[in-house]
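Student: this one's sequence-less:
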């Protein structure tokens, strides 16, 4: 159990998707003007990450990795399909996003109303594909650990975008130098938040 | 044939190359492709390899999508585009692994993330889907170089001040840097590398500085808030 908590804490604070790796920056900068929409996008990212990472984990360990096809018989044990992982991962992400969108629309119209416009955007959000690629690189031991990682990363992303949106709502009242208004000051705020998050470096339970 | 060639390099088309370098720069104005721009600029060499990969993928994807633009059904265009881009990125990844293995290790997941680099999807959606291959090609070159110069500036500053070298060649002698002389046990040198430059948040400040400079020069670009 402690392993799972450890992975979650690590991926929220130490290896935060935004502050440590800058993943999903495009939508992070574009959709952080109000806390409400930012929170909606963050929730959609958590949701999609928690669905796609476990699926990609299965794909990686039973199809793509070296020797992963051994379950088909001895003849297949030597195949290494890992060069296909980019295209497989992105295909899985894109199709799952489409599926999730349809399922949510049918069974949870209220949630669809809240996430609706963000869901299609998420297919091309770096943090989703990044989650799958980090999962592949770090070689988590079980599907549970991979899901814990996905959950933690999603929460970390949500915290980052909501915090930025809250600051941007307040910064409207300050006197920012004209050329820095908008994008420039947002970059600087994100940088300062990134430095603050470095205080968590090395934390382990 | 000659008339066609003339139109390819007409004034309107040259604008496609020049604009993204400055007034509609993909990073500082359109806010596309930030993720990779910030994470891999510790060394100039990494920044250069990354820009060249993006250049290749962007040009090929723009031209291919532009050629297929009348065949792609509107509903599934995102998936079609992703498959085209992913194929190109796999090619780049394999080439990098074969020829510059060290750099490809340092770029780690960021090569794969070219697939979802917003510059590529953004240009495909905004330009290649509605224009002929010729202009799409020029648009890709312009945007890729707009991305490249910012990456190179950020990479240059971070490498010079962070590790005192350019392209891996030392420009600040080791004698100048603080160190303990093993013979005398005394501290020597008068210079200290700026460790902050090696951390990731500094890239954000540097891009903000570029934005600041660019918008003070061209006041039209200033945002409301």
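Tutor: Yep, that arrived. Values in this document were obtained by computation on a predicted structure and should not be read as measured data.
Student: show me what contacts residue B:176?
Tutor: With Cβ atoms under 8 Å, 6 or more residues apart in numbering or on different chains as the criterion, the residues that contact residue B:176 are B:189-191. No exception for glycine: its C-beta is placed from N, CA and C like everyone else's.
Student: State the number of residues packed around residue 144.
Tutor: This is for chain A. With neighbours defined by other Cβ atoms under 10 Å in any protein chain shown, the count for residue A:144 comes to 14.
Student: hm, I was asking about chain B
Tutor: Under the neighbour criterion other Cβ under 10 Å, residue B:144 is assigned a count of 25.
Student: Am I right that it is in contact with residue B:53?
Tutor: No - with contacts defined as Cβ atoms under 8 Å, residue B:144 does not count as touching residue B:53, sitting 9.9 Å away.
Student: which parts of stretch B:114-131 are buried?
Tutor: Within stretch B:114-131, the residues that qualify as buried are B:114-125, B:127-129, B:131, counting by 16 or more other Cβ atoms under 10 Å in any protein chain shown.
Student: er, stretch A:184-195 I mean
Tutor: Applying 16+ other Cβ under 10 Å to stretch A:184-195 flags A:184-191, A:193-195 as buried.
Student: will you turn these into JSON lines that also has secondary structure and pLDDT?
Tutor: As requested, the buried residues of stretch A:184-195 are arranged in JSON lines below (DSSP: H, G, I helix; E, B strand; the rest coil; pLDDT from 0 to 100):
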{"residue": "A:184", "secondary structure": "helix", "pLDDT": "85"}
{"residue": "A:185", "secondary structure": "helix", "pLDDT": "89"}
{"residue": "A:186", "secondary structure": "helix", "pLDDT": "88"}
{"residue": "A:187", "secondary structure": "helix", "pLDDT": "89"}
{"residue": "A:188", "secondary structure": "helix", "pLDDT": "91"}
{"residue": "A:189", "secondary structure": "helix", "pLDDT": "91"}
{"residue": "A:190", "secondary structure": "helix", "pLDDT": "90"}
{"residue": "A:191", "secondary structure": "helix", "pLDDT": "90"}
{"residue": "A:193", "secondary structure": "helix", "pLDDT": "91"}
{"residue": "A:194", "secondary structure": "helix", "pLDDT": "89"}
{"residue": "A:195", "secondary structure": "helix", "pLDDT": "89"}
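Student: still on that earlier bit, can you tell me which of the buried residues of stretch B:114-131 are also in contact with chain A?
Tutor: Applying Cβ under 8 Å from any Cβ of the partner chain to these, one finds that B:115-118, B:121 fall near chain A.
Student: re earlier: redo the contacts of residue B:176 as a markdown table? Include pLDDT.
Tutor: What follows is those, written out as a markdown table (pLDDT from 0 to 100):
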| residue | pLDDT |
| --- | --- |
| B:189 | 77 |
| B:190 | 80 |
| B:191 | 81 |
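Student: State the distance from residue A:169 to residue B:203.
Tutor: Distance of residue A:169 to residue B:203, given as Cβ to Cβ, to the nearest Å: 25 Å.
Student: Mind checking which of those two has more residues around it?
Tutor: Using other Cβ under 10 Å as the criterion, residue A:169 and residue B:203 rank with residue B:203 on top: 26 against 14.
Student: Quick check: that one touching residue B:36?
Tutor: No - under the criterion of Cβ under 8 Å, residue B:203 is not in contact with residue B:36, lying 10.8 Å apart.
Student: list the residues that contact both of the two?
Tutor: Common contacts of residue B:203 and residue B:36, defined by Cβ under 8 Å, 6+ apart, comprise residue A:22.
Student: any idea where the strands of chain B begin and end?
Tutor: For chain B, the strands defined by DSSP state E cover B:165-166, B:169-170, B:179-180, B:187-188.
Student: what's the model's confidence in the last one, averaged?
Tutor: This points to strand B:187-188. Averaged over strand B:187-188, pLDDT sits at 78.
Student: where does it sit relative to the chain's centre, distance-wise?
Tutor: Once both centres are worked out by Cα atoms, centre = their mean, to the nearest Å, strand B:187-188 turns out to sit 40 Å from its chain's centre.
Student: so what strands line up beside that strand?
Tutor: In its sheet, strand B:187-188 lies beside strand B:179-180 (antiparallel), with partners assigned from DSSP bridges.
Student: ok, and what's touching the strand it pairs with?
Tutor: Taking contacts as Cβ under 8 Å, 6+ apart, the residues outside strand B:179-180 that touch it are B:186-189.
Student: Neighbour-wise, give me the winner out of these.
Tutor: Neighbour counts for these (other Cβ under 10 Å) peak at residue B:189, which has 14 neighbours.
Student: Help me confirm that that one comes into contact with residue B:178.
Tutor: Yes - taking contacts as Cβ under 8 Å, residue B:189 lies within contact range of residue B:178: 4.5 Å.
Student: per-residue confidence at residue A:205?
Tutor: Looking at residue A:205, its pLDDT stands at 67.
Student: remind me which residues of chain B are low pLDDT?
Tutor: Scanning chain B for pLDDT under 70 picks out the ranges B:1-10, B:224-225.
Student: Mind doing that once more with 50?
Tutor: Scanning chain B with the threshold set as pLDDT under 50 gives B:1-4.
Student: Please identify the buried residues of the longest helix belonging to it?
Tutor: The longest helix of chain B (DSSP state H) is helix B:133-163. When burial is assessed from 16+ other Cβ under 10 Å, helix B:133-163 yields the following buried residues: B:133-148, B:150-151, B:153-163.
Student: just how off-centre is it within its chain?
Tutor: Here the centre of mass of C-alpha atoms in helix B:133-163, compared against the chain's by Cα atoms, centre = their mean, lies 4 Å away.
Student: likewise stretch A:36-56?
Tutor: Relative to its parent chain, stretch A:36-56 has a centroid offset of 7 Å by Cα atoms, centre = their mean.
Student: what's next to it, contact-wise?
Tutor: Outside of stretch A:36-56, the residues that reach it under the criterion Cβ under 8 Å, 6+ apart are A:24, A:27, A:31-32, A:88-89, A:92-93, A:96-97, A:100, A:114-115, A:118-119, A:121-122, A:125, A:127-128, A:131-132, A:135-136, A:143, A:146-147, A:149-151, A:153-155, A:157-159, A:161-162, A:164-165.
Student: Residue B:102 - how many residues pack around it?
Tutor: Applying other Cβ under 10 Å, we find 9 residues neighbouring residue B:102.
Student: most remote residue from chain B's center?
Tutor: Taking Cα atoms, centre = their mean, the residue of chain B most remote from its mean C-alpha position is residue B:184, at 46.9 Å.
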